Structure formats: structure tokens, C-alpha cells
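1. give me a 3D structure for the following:
(one chain, ligands or ions: 2)
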Amino acid sequence: MGATTGPLSEELLAQLRKIDTPTIANALELMDIMPRTEGFMRPEIKSQSPVTETYIGYAVTGVISARQKSPRALERSDYYKAILDIPSPRMIVFHDLDYPATVGSYWGEIQGNIALGLDCVGVVTDGGVRDLKEAEEMGFPFWAKEVLVSHGYVHGVAYNVPVDVGGVYVEPGDLIAADLHGAIMIPMDAAERLPAAAEALANQEDAVISVAQSGNVTVETLAEAWAESARRGAKSSY
Ligand SMILES: O=C([O-])CC(=O)C(=O)O
Ligand SMILES: [Mg+2]
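-> Ligands and ions are numbered 1, 2, ... in the order given. Below you'll find the model as predicted:
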């Protein structure tokens, strides 16, 4: 992967890659900057590749369709230029205009290789993907609503425009994290605070987990564990 050209340092990106998406969601809760029910993609946007780490990238956004040929289909070079307009590392975030009845995959071995060559780390789409074995082998993960057999008449409709994917409004350049659980947007001004928040969370969770593992699990010890977790800063979901 080439050097990052975006607003966040390579050190910070490396720290963020160590945090899984549930912890990112919890850390954002701790900051209390948006409702707990927002900012992450609906579960239909699933990991279709066996990933074991968190992938982080600035969003290259786009709208595609495969239902029919279009005289207004964009050129392949428009797509490559759109990628290069976004700092690296990049995460492709595509809305499929045919959603929810998606028919053709933009994604496969060829597109994955091209995107990887252009410093993209993966794709998140409410459309489909294919060539799953090859994607795994090349290390270019797919997060997608479904797996499709055909590419139909797939073509680009627009690049680097705001898109809604999985219920999240994504603008070009937004910071996206994805792992085996799914995908979440990290508000740019929260990124810097995330590693410390994740550490604070681990400390809060440890107050409960250590009691659960202590061999002395009672209503009373659990109540005290949750109280200790709250003293360490945990916010209740109740
Ligand atoms: O053919 C397509 O458009 C998608 C695909 O399978 C590939 O990129 O290999
Ligand atoms: Mg293919």
C-alpha cells in the first residue's frame, strides 16, 4: 500500500486498524456525538470475504447500475480519476441504483485487482459481488448486500457524489471502517480520540468480564462489577 495522502497520520490509521467495528461503535457512543442507532450500515451490508482485521479507508463513492445499457454510462477512466481524487488508503463505497433488486455485479477479480493497484483496501456496496475465491486470494475484501453470478449491463452512473449505502449517508472522503461485523463511518473529528476511547472501553468492560471469569459470579458480585464499570466511565444502554 502506498503512503497515506489523507488528513490522518499513518500512525493513527495503524491504531484504528487494530480496533474492531463493535468497539468503534461503542467508542463513538462514549463520545456522545450522535444517536447510538446511527452511523453504521444495516446488517444487509455483510462481509463476503473472510476478513480477520479492520480495514480503514477514505470513501471513493459511486453509483452504478446493471439493469440495462445506458447511453450515459461513464467511462472507465472517469472511475479511475475519481479514485485518484480521494486520498489513500481508499475504500470504495458504491450504491447500486438497482437496489434492492440488484442484478449485476460491478465487483470481481478484475475490478478488485484494479482497485487494489490504485491503493483501495476494499469495497462496501449495497449491490452484489462475485469472484469470491479470487477476491480472497488477492486480499481485496468485499462487503456487499449479496453475491451475484452475472455482471449484467453494469456501468458507472456517477462517481464521488454523496451516496446512501446501508442507511449511512457517505460523502467522498469520509472515513469508513469495515471488518467481519460490517461497516461503520468514523466522523473525521472523532478519529483522533478513538484509540483512547477504545482503551477506556476495554478497562470498563474488564470490570465486568473479570468478575464473570472469577469463579465467584453472584447477583451481588455482578451488581458491584457493573457499578465499578460505571465508575470507570461506562455509559448504560438501559
Ligand atoms: O466483470 C465484471 O464487471 C465484474 C467482474 O467479474 C470482475 O471484475 O472480474
Ligand atoms: Mg470476473
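
2. alpha carbons only for contacts and neighbour counts from here, please
-> Fine.

3. and the strands in the protein?
-> 46-47, 55-65, 90-96, 120-129, 142-147, 155-159, 163-165, 168-170, 175-179, 182-186 (DSSP state E).

4. Val157: neighbouring residues, count only.
-> 19 (other CA atoms under 10 Å).

5. do the same with Leu148
-> Neighbour count of Leu148, defined by other CA under 10 Å: 19.

6. mind listing what it touches?
-> 103-105, 128-130 (CA atoms under 8 Å, 6 or more residues apart in numbering).

7. tell me how far it lies from ligand 1.
-> Leu148 sits 9 Å away from ligand 1, going by CA to the nearest ligand atom, to the nearest Å.

8. just Val93 next, same as before
-> Distance of Val93 to ligand 1, given as CA to the nearest ligand atom: 16 Å.

9. again with Ser65
-> Note on Ser65: its distance to ligand 1, by CA to the nearest ligand atom, is 11 Å.

10. how is this protein carved up into domains?
-> Listed by automatic domain parsing, the domain ranges of the chain are 10-188, 194-231.

11. Tyr169 contacts Ile176, correct?
-> No: look at Tyr169 against Ile176 with CA atoms under 8 Å: they stay out of range, at 11.4 Å.

12. what parts of this structure come near ligand 2?
-> Contact residues, the chain versus ligand 2 (CA under 5 Å from the ion): 108-109.

13. now the helices for the chain?
-> Along the chain, the segments classed as helices by DSSP state H run 10-16, 21-31, 76-84, 109-117, 132-138, 188-191, 194-212, 219-231.

14. how about CSV for the ones you listed, with distance to Leu180 added?
-> As requested, the helices of the chain are exported to CSV (distance: least, CA to CA, whole Å):
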stretch, distance to Leu180
helix 10-16, 15
helix 21-31, 8
helix 76-84, 24
helix 109-117, 18
helix 132-138, 13
helix 188-191, 20
helix 194-212, 18
helix 219-231, 27
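
15. in contact with Lys46, which residues?
-> 143-146, 180-182.

16. tell me the one among these nearest to Val123.
-> Nearest to Val123 among these: Trp143, at 6.0 Å, using CA to CA.

17. now the terminal residues of stretch 16-23, how far apart.
-> Using CA to CA, to the nearest Å, the end-to-end distance of stretch 16-23 comes to 10 Å.

18. roughly how far out does it sit from the chain middle?
-> Taking CA atoms, centre = their mean, to the nearest Å, one finds stretch 16-23 lying 10 Å from the centre of the chain it belongs to.

19. also stretch 208-217?
-> Distance, centroid of stretch 208-217 to centroid of chain: 33 Å (CA atoms, centre = their mean).

20. low-confidence ranges in the protein?
-> Within the chain, the ranges that satisfy pLDDT under 70 run 1-3.

21. quick check: residues of it near ligand 1?
-> Residues of the chain lying close to ligand 1 (CA under 6 Å from any ligand atom) are 105-111, 130, 151.
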